[in-house]
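[1] sequence plus the predicted model coming up.
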Amino acid sequence: MLRRLPPCLRRALPASSSSTSAPRRGVRLAEHGQSPPQSAPPPPSPATQKDGAVRTPGGGSAASSLNPAEVAHFASFAETWWDTEGPFKHLLVMNPTRVSFIRSILCKHFRRDPNSSKPLEGLKIIDVGCAAGMLSEPLARMGATVTGIDAADESIKIARVHAASDPLTASIEYLCTTAEDLVKENKQFDAVICLEAAGIIFKTLKFRDSLSISERGAFLLSYISILENALVVLYS
């Protein structure tokens, strides 16, 4: 379902037939046996292997839904994620607004009291493409059990250090991995969230299909298209 936003921020995004089903709960990362996308990968970067795949813990490699060049690009700015005068200062300014938006979506979906100090307590949420934890931390403060994953090890290191400074966020589990690799652990979440990472993912809908959503789970993906002057939000 596409959330209704102001016309200047709204643009349609193709959705699967599942978007019209009843609210669901429980999101399990699961392999679907799909072949990798055939899109030609961008030139290898220092953060990629010779075959163009992003390095992951244990010697594995990320599935080809990732754009290695984009991963390397954001990794190079890892130490500036929380810098209020750095390259991501505009993202920091808009963060309270997007957190409020996500809070309202999840409270409505899971029928939680939005006025509660911890409306997401008891929910397991995964933040895909978490970077330095700008979304993971607010989710944890709202009571959720949060797992943040990112293909850039540099960003994960910054996220861990920043979260450790606050008892409310110190419990966040940060992993340098991808959704496609995490399926092997057969973990289950109440909600999967992926924000502003569509530029790193070659095929957004193929990425979404790698997440097998079981009954009453929530899936939320958004990205800002500067070229199209639109905020795209896919929610199911």
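    Received, thanks. Only a predicted model underlies this, so the values are computations on that prediction, with no experimental measurement involved. Numbering: from 1, shown residues only.
[2] residues in contact with the closest residue to residue 152 other than its chain neighbours?
    Take residue 152 and drop its neighbours on the chain: the residue closest to it by Cβ to Cβ, 6 or more residues apart in numbering is residue 75, 3.7 Å away. Bear in mind the C-beta positions are built from the backbone N, C-alpha and C, glycine included. Shown in contact with residue 75 (Cβ atoms under 8 Å, 6 or more residues apart in numbering): 47, 152-155.
[3] what of residue 167?
    By Cβ under 8 Å, 6+ apart, the contact set of residue 167 is empty.
[4] what is the lengthiest helix in the chain packed up against?
    Assignment by DSSP state H gives helix 89-109 as the longest helix of the chain. Where contact means 3 or more Cβ pairs under 8 Å, 6 or more residues apart in numbering; DSSP states H and E, helix 89-109 is packed against helix 136-141, strand 191-195, strand 218-225.
[5] now it: buried residues?
    Using 16 or more other Cβ atoms under 10 Å as the test for burial, helix 89-109 gives 91, 95, 98-99, 101-103, 105-107, 109.
[6] for those residues, give me CSV that also has pLDDT.
    Shown next, in CSV, are these (pLDDT from 0 to 100):
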residue, pLDDT
91, 87
95, 92
98, 89
99, 94
101, 90
102, 92
103, 95
105, 92
106, 93
107, 95
109, 91
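[7] any regions of this protein where pLDDT drops low?
    1-67, 197-216, 221-236 (pLDDT under 70).
[8] can you show me the strands along it?
    27-29, 124-128, 145-150, 173-176, 188-189, 191-195, 211-213, 218-225, 230-235 (DSSP state E).
[9] show only the entries of the contacts of residue 75 found in helices.
    Using DSSP H, these in helices are 153-155.
[10] mind saving the C-alpha coords of stretch 158-171 as PDB?
    Provided in PDB are the C-alpha atoms of stretch 158-171 (Å, rounded to 0.1, in the frame of the first residue of the first chain):
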ATOM      1  CA  ILE A 158      30.300   3.800  14.000                       C
ATOM      2  CA  ALA A 159      26.800   2.600  14.800                       C
ATOM      3  CA  ARG A 160      28.000   0.300  17.600                       C
ATOM      4  CA  VAL A 161      30.100   3.000  19.200                       C
ATOM      5  CA  HIS A 162      27.300   5.600  19.100                       C
ATOM      6  CA  ALA A 163      24.700   3.200  20.400                       C
ATOM      7  CA  ALA A 164      26.900   2.100  23.300                       C
ATOM      8  CA  SER A 165      26.800   5.600  24.800                       C
ATOM      9  CA  ASP A 166      23.100   5.300  25.700                       C
ATOM     10  CA  PRO A 167      21.700   2.400  27.800                       C
ATOM     11  CA  LEU A 168      18.500   2.500  25.800                       C
ATOM     12  CA  THR A 169      20.300   1.800  22.600                       C
ATOM     13  CA  ALA A 170      23.200  -0.300  23.800                       C
ATOM     14  CA  SER A 171      21.200  -3.500  23.200                       C
END
